[in-house]
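Peer 1: What follows is a protein structure lacking sequence information:
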């Protein structure tokens, strides 16, 4: 038993060694099939993995939420607290304009985030302070550039940012921007050119623009998979619910805030009103004062005038007086002289009188002295008498006192003293009388003296007075001339002053007049001020009323919660992966099928070949299993070996190449991950192994069922069959026998016939799809700009362009000789809606309907039927219609969140490859929007558009015009497109090479089988005297025929496959061509034929080696 | 006398690794024009080597093979092919008809490469298959197939008709019929027929019998009175 095993095993190894070619060809084709299948299929998950690794590393957000009124700190906190949210972070962002020499760009400025969306710096450093920024890697900014931002709206840049100038300190990229796309904006031309990243404190905003969230557990899940989407969706729903609550909270707080502000405004208004009133009152009072002052002034002037008149009179009288004084003075001088003379005379008289008086006085005095002495003596007597009297009286008084009770009695006693007294008194009386006389005499004498002295004194005084009078008069007179002259001077100065006063009066009058005018002005001003104040107040009141209304109108803020698909190109990445998957599901399957069929035929053939040997084994008593195990083992080894090699190589190389190719589009992917995907590996290997094993088992089964004797006999020869062609006698008769044989051969070996046709057809189809993909992608730019949109460029106009500027611009356009024609147009980014489907598109309104055919050609892609743009509705581009799912005649909507969607009818659907368009006539636009279109751009066409330099020169010239904002050229877009499509190129090359390899292997295999099967026949031909070449031709004829038949089948198959693949592969924003160009057919055919020829060449040597002795052998 | 076909000391050596095998070790014989010759011998005696060399399918290592005055031993591959094409008519043991050509077409196939062919239909009539022209080989019996094969060989108008065990795969009667056909062809058309067989019973019907043993001609005898096929039995 052991020996037997050994023998069979040896037989097995010998078999492999002997049929090395067959073994290797099965191995190789399985390798190819499995490599291609598992490799291309693994590209899809590998691409996702690569993307996901990048997203995880950069901590890309999972959910983004924005709110119409901004996001508050509280919102962020609330969101962070929500279940399923790992973290939340608020961020700022805003769009600005940046003007360069000849263009204006929209820049998206975002705040640097700590927790999420990590930015990678490729050059320079991170921005650290306000005023610094990190610029987009793909922008034309360099480190050190200063970027001066403009807002593009009425608001200042500094309303949003702390500074309007940013310095580029580094370049980098953000995971939010995977590819070249930067999204759209509401400012500028609507498309963001680059992003800038600034530190958070650069923003000067009260609320965040958006909040980013990461979902718990989402990081571990692979992006773009259902698991991830499901997880995020779950949290997203919760966030949406939360957002509704937050909206209510926000609304209330906004209302409170607004009310507060309103209150403040009211107070302010009140204050304003008061103040205004106060000011007005003051002003009124001032005016009244001014009026009074003016009246006073007027009166003063009147008075002044009177005064002046008086003064004039006074002056005149003063003059007169002065003149009189002058006369008086003259008189005075004369009088003085007279006085002097009189005085001299008087003095002389006085001197004379004095001497006389002195004598008189002397005598008088002597007389007096004697008198005096007498007087004194009399007096002494008198007093002595008096004293006697007194004594007596006192004595009497004492007695009188004692006799007080009897008054009468007192007199009685007196009789005694009293008589004495009376006597005495009489004496005293006499003395006194004498004394009196003496005294009178004395007085008289004294008076005489006194009179004389007085006379003298008087005379002297008179003289002295006269003298002093004269002196005074003299002095007075002496002063008089000075006085006179000073008086005159005074009068003169008085006149002068009077004149100046008069001047002043005149001035004063003038002033009054001017003041009066001023007053009038002031009054007017007052009136105006009053009116203004009133208006202001009214305004303020109105504003308050409005604010009140606004507060009433404060709506519930709208929250928009997005997942990652809101990121530019994020979905595109997923779609690309999906597209790869689509390619992976179609391409490799076909490839794999061919490979499986080939290995299947080889194995079947092998079993059939070994019929005798099987019979012998069976006759020797081997069990079916033992016999079959050889072939099953053979197939298993070849297929499994091929599968392993295929998986190992294919799953590494193919995904790498493909993801690398996509790296052109997604250039920031840090590293390409291509782990083995055991699922696909198992699927491919399993299918390969199953196919071949199944075929082998079936073949073995068929043979093993037969009796050994039957097996050892040659199989009954197959019947020759008449073919259909023979019935067409005309054709058949003209064929020579080799051709007849060829055709019959083809028909006879049906399996081989279909295998070969399918194999060659498959290769042809694959290559055709490869080339066709290239055609479709590359062609779109050409088709788009050569057959659909003819214009060479468009000028975007300033938003606030004046008519004058527009005229100038048109004049400039006219003056450019090379510009053959131009047309105004309105180009706008809008969103089209049909039911739930949305699609961003360009709305294009042409200025003049007659000129449209010169700029755009509307036609059906298939029938090329021309369409005309009518006023009934718009024409939309084909892909747009497809995405929206609309047909001609349907009605779609143009999204307008503020005023409600606009309805528009789709009149036609036109061929279009790049972008989405909806075209209108102005009339139609008006009907849809209810307003006339505002033309914001000018499309132009130049004579010889191939010369780009000239085109740019024209563009620059046009941009010098004030009204021109920017110019874009069609060829730029073409170039950009080409760049984008280059990534597909490598994929296509991979496809073509693989298809070629497959073709080679298939043909080689089939031919080997063919020759092996027909060795005897060929040997016979040789014996019959066919030259080598003739024998080869005999075989080649079949091959060539099969190649061409296969090519035809392949062309048809390829066409459909191409259509299918294009539809799955193409991006939403563009429609790839559905065409395959003639050269592609030719290339594919040439390649297929070349491979076929190559194989035929190799076969020639195989044929030559066929030994004629074979013909003598019995049929196996 | 010089024969139409002359083999002079033909040797054929095969190297099998170290060992040198002499498949033919100096074969000498002559066949005259129009003779019906039978080369007979047991398995491994060297018959097939003779056939191969004579048929231009192999070349002799030594010696000379002269056919109709031409020494074919010095022929190149191309000349040999031309020789096969023009001078030899080959009848195989297993008929070797092209399965998907009709009987007539099989004949015509050979004719199209021939310089001076006969009419295919005529030949088919001659071999007795006038009624089965349009049948495919699979629809014919073994004998009929062999007749087609003979017709194919004859139609080329060859110098020699070389038959390799033509009855080997046929039953007794059919075999006889074929031999009869071959003999008649020789007699009627004056065709030189060389028949190679291991069946020595056939020898009496031949004009010349060449017996081969161990790579040499053991005996060559001219049979002055060949018997008709019907009389021989085996």
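Peer 2: Cool, the structure landed. Computed from a prediction, not measured in an experiment: that's the story for all the values here.
Peer 1: Helices of the stretch 851-1000 of chain A, start to end?
Peer 2: Ranges of helices in the stretch 851-1000 of chain A, per DSSP state H, counting those that start in this stretch, are A:852-855, A:878-884, A:922-929, A:948-959, A:970-1013.
Peer 1: ok, the closest residue to residue A:139 other than its chain neighbours - contacts?
Peer 2: Nearest in space to residue A:139, with sequence neighbours left out and distances taken as C-beta to C-beta, 6 or more residues apart in numbering or on different chains, is residue A:194 at 3.4 Å. Quick note: C-beta positions are derived from backbone N, CA and C, even for glycine. Going by C-beta atoms under 8 Å, 6 or more residues apart in numbering or on different chains, residue A:194 touches A:105, A:107, A:108, A:135, A:136, A:138, A:139, A:141, A:182.
Peer 1: Among those residues, name the ones in helices.
Peer 2: The members of those all map outside helices under DSSP state H.
Peer 1: Which secondary structure state does the residue nearest to residue A:139 sit in?
Peer 2: strand (DSSP: H, G, I helix; E, B strand; the rest coil).
Peer 1: so what's the residue in the stretch 251-400 of chain A that chain B sits nearest to up against?
Peer 2: Of all residues in the stretch 251-400 of chain A, residue A:251 sits closest to chain B, at 89.4 Å by C-beta to the nearest C-beta. Each residue near residue A:251 by C-beta under 8 Å, 6+ apart is listed here: A:554, A:555, A:556, A:557.
Peer 1: rerun at 10 Å
Peer 2: A:69, A:554, A:555, A:556, A:557 (C-beta atoms under 10 Å, 6 or more residues apart in numbering or on different chains).
Peer 1: tell me, how many neighbours does the fourth one end up with?
Peer 2: In terms of burial, residue A:556 registers 13 neighbours under the definition other C-beta atoms under 10 Å in any protein chain shown.
Peer 1: now the helix or strand harbouring residue A:423: mean pLDDT?
Peer 2: Secondary structure assigned from DSSP states H and E places residue A:423 in helix A:407-553. Helix A:407-553 carries an average pLDDT of 79.
Peer 1: after that helix, next one along is what?
Peer 2: Following helix A:407-553 toward the C-terminus (DSSP H and E): strand A:559-562.
Peer 1: Three-state assignment for residue B:52, please.
Peer 2: Of the three states, residue B:52 takes helix according to three-state DSSP.
Peer 1: and the closest residue to it other than its chain neighbours, helix, strand or coil?
Peer 2: Of all residues not flanking residue B:52 in the chain, residue B:58 sits nearest, at 3.7 Å (C-beta to C-beta, 6+ apart). Here residue B:58 is recorded as coil under three-state DSSP.
Peer 1: one step back: among the contacts of residue A:251, name the buried ones.
Peer 2: Taking 16 or more other C-beta atoms under 10 Å in any protein chain shown as the criterion, what is buried in the contacts of residue A:251 is A:69, A:554, A:557.
Peer 1: you'd agree the first one is in a strand?
Peer 2: Yes: secondary structure assignment places residue A:69 in a strand (three-state DSSP).
Peer 1: ok, so what distance separates the nearest residue to it once chain neighbours are set aside from residue A:548?
Peer 2: Closest residue to residue A:69 apart from its sequence neighbours, by C-beta to C-beta, 6+ apart: residue A:557 at 4.2 Å. According to C-beta to C-beta, to the nearest Å, residue A:557 and residue A:548 sit 19 Å apart.
Peer 1: can you check residue B:108 too?
Peer 2: 111 Å.
Peer 1: again, but for residue A:574
Peer 2: 49 Å.
Peer 1: and those two? which has more neighbours close in?
Peer 2: For residue A:574 versus residue A:548, neighbours defined as other C-beta under 10 Å are more numerous around residue A:574 (19 against 15).
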